[in-house]
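1. Return a 3D structure for these sequence lines:
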Amino acid sequence: MNTLKKMAPYTLLCAVAFNILPLFVNSTGGFMLNLLVLFPSLCFLSSLLYGLKQGWNLLYPIMIGILFIPTISLFYNRTAWVYCLGYSLLSLLGLYLGKSIKVHKDRKTHS
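-> Predicted coordinates:
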């Protein structure tokens with residue numbers, strides 16, 4: 001339960017973006033901007049920050065992918081399923097980099 005509390009601010013940011021930003025879009029180009037630029041950037045950056053602060057947690061990228069699932073039927077079509085995997089993988093990369101930076105910083109401060 002403590003792990004979920006630590007994840008909450010980061011996952012909430014993505015959940016809000018996934019569910020609120022599409023409401024302000026009224027063109028295919030806007031939806032594509034969200035799907036291909038804004039959401040991937042947000043997933044990566046939130047994961048990087050989570051990794052810097054909390055370290056490694058494989059549940060985080062899984063949660064990011066799961067959070068996108070309800071938006072598929074609300075705003076997109078079934079071909080958007082691939083973005084769940086893509087956002088999870090980008091999140092995994094951000095988390096790994098954040099954790100790696102954290103470990104490197106911790107080693108430097110203890111040396």
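
2. how about the helices in this protein?
-> According to DSSP state H, the chain carries its helices in the segments 2-20, 28-33, 39-54, 59-75, 81-110.

3. what's the offset of the first one from the middle of its chain?
-> Which is helix 2-20. Here helix 2-20 shows a centroid-to-chain-centroid distance of 9 Å under the convention CA atoms, centre = their mean, to the nearest Å.

4. got it, and stretch 81-100?
-> For stretch 81-100, the distance to the chain centre is 7 Å (CA atoms, centre = their mean).

5. Tell me the buried residues in it?
-> For stretch 81-100, a neighbour-count test (16 or more other CB atoms under 10 Å) marks 83-84, 86-95, 98-99 as buried. In this view, the C-beta of every residue, glycine as well, is placed from N, C-alpha and C.

6. re earlier: out of the helices of the chain, which is the most enclosed?
-> Highest mean neighbour count of the helices of the chain: helix 39-54, a mean of 21 (counted as mean count of other CB atoms under 10 Å).

7. helices or strands up against it?
-> Applying 3 or more CB pairs under 8 Å, 6 or more residues apart in numbering; DSSP states H and E, we find helix 39-54 packed against helix 2-20, helix 59-75, helix 81-110.

8. how about those helices in TSV, adding distance to Leu35?
-> Listed next are these as TSV, based on distance: least, CB to CB, whole Å:
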stretch	distance to Leu35
helix 2-20	10
helix 59-75	10
helix 81-110	6
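
9. for the residue sitting nearest the centre point of the chain, what are its contacts?
-> By CA atoms, centre = their mean, the chain has its centre lying nearest to Cys43, at 2.7 Å. Residues counted as contacts of Cys43 (CB atoms under 8 Å, 6 or more residues apart in numbering) are 14, 64, 87, 90-91, 94.

10. Tabulate those in TSV, adding columns for pLDDT and distance to Phe31.
-> As requested, the contacts of Cys43 are exported to TSV (pLDDT from 0 to 100; distance: CB to CB, whole Å):
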residue	pLDDT	distance to Phe31
Cys14	97	17
Ile64	97	19
Tyr87	97	15
Leu90	97	18
Ser91	97	21
Gly94	97	23
